[in-house]
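J.: How does the following fold in three dimensions:
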Amino acid sequence: MCNPSVFWRTPMLALDDVESESVEDLINILSRYLPEGDVGNFLYGNGGKDLKSFIEENDRRGHLPSFYLVSTNPTQTKLFSQLVSCIPCRVIELQPDDFFSEAEGAYEGMGLDRMACLRGAMCVTGVPALVIDGGTALTYTAADQNGMIIGGGISCGMGLRMQALEEHTSLPAMDVEAEIKRIVEGASRSCTPADIFATNTKDAMVIGALVEISSFVRNVTDVWMSKVGGPKKRKNGEGIENVRKNKYDFTKNHSRVVALAGGAGNLIARLLDEDDGGVLNTLPKPQIPSKFSSGLIHFGIAWLLFEKRNEVQSRPHIADSNVKSKKMSAANKEKWEKYVGESVIKDFNDDDANDEGDSQTFKGSVVSFSIWGNDEDGIGGYPLFRIVYSDGDEEDIAMSELRSKCHQLRSN
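T.: Next up is the predicted model:
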């Protein structure tokens, strides 16, 4: 009894794309934004990307899809909620204390994305953990052996460094990614690192920034290791399979692997290799073990849904006011709210059981409801109740099925 999960790093959404109130227009726009593969298949199945296919796949799946957002951009959060308003779904905006509490070292104003990344790194590399995220900003965030936040820092990413030189000096503009690619690939092809004493302006700008970033991340890593200790040999019998003593334990990062994320993550991994990965002609430098993952935030979300599923599921959904969601009368709201908190029971047939008719029974509870659908006149709506079971599974059911499950529990 396990629901599938897919992860989607959404593109920047444009206001013009989501202003329409036409369900058909929004469906077409959503289909355009969806990446090929798992995300589209999860929502629409193997059919066409239209509302009919979505409803058929939703019926087959047995529950509404839920979108869990890690967003530091309120405008994008609102636009995304509008974009998916064309389909029955839930949109839940995650909060900083979902990932770390104040007691665990979180401080006021600490970025939600940094906390989600750090939690994801603790799942990928273990603890202690250090995340270096090479995005628009170059950030680093660290945790100690107990999973407590040490702190971190924020600097300019590669693009911002070049942009500052372009806007505040007479230095030329450039395609930063293309210039980095040219220098890195040129060093690889010729087996000759780029000389840090460049002889043309663009090389001087890019190589100067690469030297800064290499020195920056290596210095951060050295200080982190001075706080948590250097690489250690794993003790006999201490493997990944047995260090997790309770649900909040993480594997041990004995090798002090640095977790890397962001668009420049692969470049930083190269610079952390021995002698700057052969990119720069600098003094000899040791290799710093690192691991790049484009989905550290997603690992953080997966941890959250595993450890705090019921708590997250029971909170209000920010998309409940979308164009497909229906307004309810005060009387209906009061009637349906009475079911929230009700206990239910479900018999799950075991396909692998030897005896025909064998089944497992799971108890659960109603954590929330949403109003969807309409009658032939285009008004009204019906409630779908979100059930979370004792094994962590969940489903959305209609009123008639909910009454049956409640009745079954009382009968038992």
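J.: Could you give the average pLDDT over the longest strand along the chain?
T.: For the chain, the strand with the greatest residue count under DSSP state E is strand 359-372. With pLDDT averaged residue by residue, strand 359-372 scores 77.
J.: how far does that strand sit from the chain's center?
T.: Taking Cα atoms, centre = their mean, to the nearest Å, one finds strand 359-372 lying 25 Å from the centre of the chain it belongs to.
J.: Give the pairing partners of the very next helix or strand once past that strand; include direction for each.
T.: Read in the C-terminal direction, the helix or strand following strand 359-372 is strand 382-389, with elements assigned using DSSP states H and E. According to DSSP bridges, strand 382-389 forms sheet pairs with strand 359-372 (antiparallel), strand 394-397 (antiparallel).
J.: outside of strand 382-389, which residues touch it?
T.: 1, 63-64, 88, 90, 309-310, 313, 328, 332, 336, 339, 344, 346, 362-373, 394-399, 402, 405 (Cβ atoms under 8 Å, 6 or more residues apart in numbering). For glycine as for every other residue, the C-beta is placed from the backbone atoms N, C-alpha and C.
J.: 6 Å - rerun?
T.: Applying Cβ atoms under 6 Å, 6 or more residues apart in numbering, the contact partners of strand 382-389 are 310, 313, 336, 344, 362, 364, 366-373, 394-397, 399, 402.
J.: of those residues, buried ones?
T.: 313, 336, 344, 362, 364, 366-372, 394-397, 402 (16 or more other Cβ atoms under 10 Å).
J.: Now do the contacts for Phe369.
T.: With contacts defined as Cβ under 6 Å, 6+ apart, the neighbours of Phe369 are 336, 383, 385.
J.: And the helices in the stretch 201-350 of the chain?
T.: With DSSP state H, counting those that start in this stretch as the definition, the stretch 201-350 of the chain shows helices at residue ranges 201-228, 265-271, 296-307, 309-313, 330-337.
J.: could these go into JSON lines alongside mean pLDDT and distance to Tyr140?
T.: Shown next, in JSON lines, are the helices of the stretch 201-350 of the chain (pLDDT from 0 to 100; distance: least, Cβ to Cβ, whole Å):
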{"stretch": "helix 201-228", "mean pLDDT": "97", "distance to Tyr140": "5"}
{"stretch": "helix 265-271", "mean pLDDT": "97", "distance to Tyr140": "10"}
{"stretch": "helix 296-307", "mean pLDDT": "91", "distance to Tyr140": "13"}
{"stretch": "helix 309-313", "mean pLDDT": "74", "distance to Tyr140": "27"}
{"stretch": "helix 330-337", "mean pLDDT": "75", "distance to Tyr140": "45"}
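J.: closest one to Asn46 among those helices?
T.: Comparing those by their distance to Asn46 (Cβ to Cβ), the top pick is helix 296-307, with 24.1 Å.
J.: Alpha carbons only: can I get the closest one in PDB?
T.: What follows is helix 296-307, C-alpha atoms only, in PDB (Å, rounded to 0.1, in the frame of the first residue of the first chain):
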ATOM      1  CA  LEU A 296      18.400  17.400  -3.000                       C
ATOM      2  CA  ILE A 297      15.300  19.400  -2.300                       C
ATOM      3  CA  HIS A 298      13.200  16.500  -3.500                       C
ATOM      4  CA  PHE A 299      15.000  14.100  -1.100                       C
ATOM      5  CA  GLY A 300      14.200  16.600   1.600                       C
ATOM      6  CA  ILE A 301      10.500  16.500   0.600                       C
ATOM      7  CA  ALA A 302      10.500  12.700   0.500                       C
ATOM      8  CA  TRP A 303      12.000  12.700   4.100                       C
ATOM      9  CA  LEU A 304       9.200  15.100   5.200                       C
ATOM     10  CA  LEU A 305       6.400  13.000   3.800                       C
ATOM     11  CA  PHE A 306       7.900   9.900   5.300                       C
ATOM     12  CA  GLU A 307       8.400  11.300   8.800                       C
END
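J.: what packs against that helix?
T.: With contacts taken as 3 or more Cβ pairs under 6 Å, 6 or more residues apart in numbering; DSSP states H and E, helix 296-307 sits against helix 112-124.
J.: hmm, try it at 10 Å
T.: The elements that helix 296-307 packs onto, with contact taken as 3 or more Cβ pairs under 10 Å, 6 or more residues apart in numbering; DSSP states H and E, are strand 66-69, helix 112-124, strand 129-134, strand 258-261, helix 309-313.
J.: so of those, which one's packed in deepest?
T.: For those, the largest average neighbour count (mean count of other Cβ atoms under 10 Å) is found in strand 129-134, namely a mean of 28.
J.: In terms of secondary structure, what does that strand contact?
T.: helix 112-124, strand 137-143, strand 149-156, helix 201-228, strand 258-261, helix 265-271, strand 290-292, helix 296-307.
J.: could I get the ones you listed as a markdown table with distance to Tyr33?
T.: Written out in a markdown table, the entries for the helices and strands packed on strand 129-134 read as follows (distance: least, Cβ to Cβ, whole Å):
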| stretch | distance to Tyr33 |
| --- | --- |
| helix 112-124 | 20 |
| strand 137-143 | 25 |
| strand 149-156 | 29 |
| helix 201-228 | 32 |
| strand 258-261 | 22 |
| helix 265-271 | 24 |
| strand 290-292 | 25 |
| helix 296-307 | 18 |
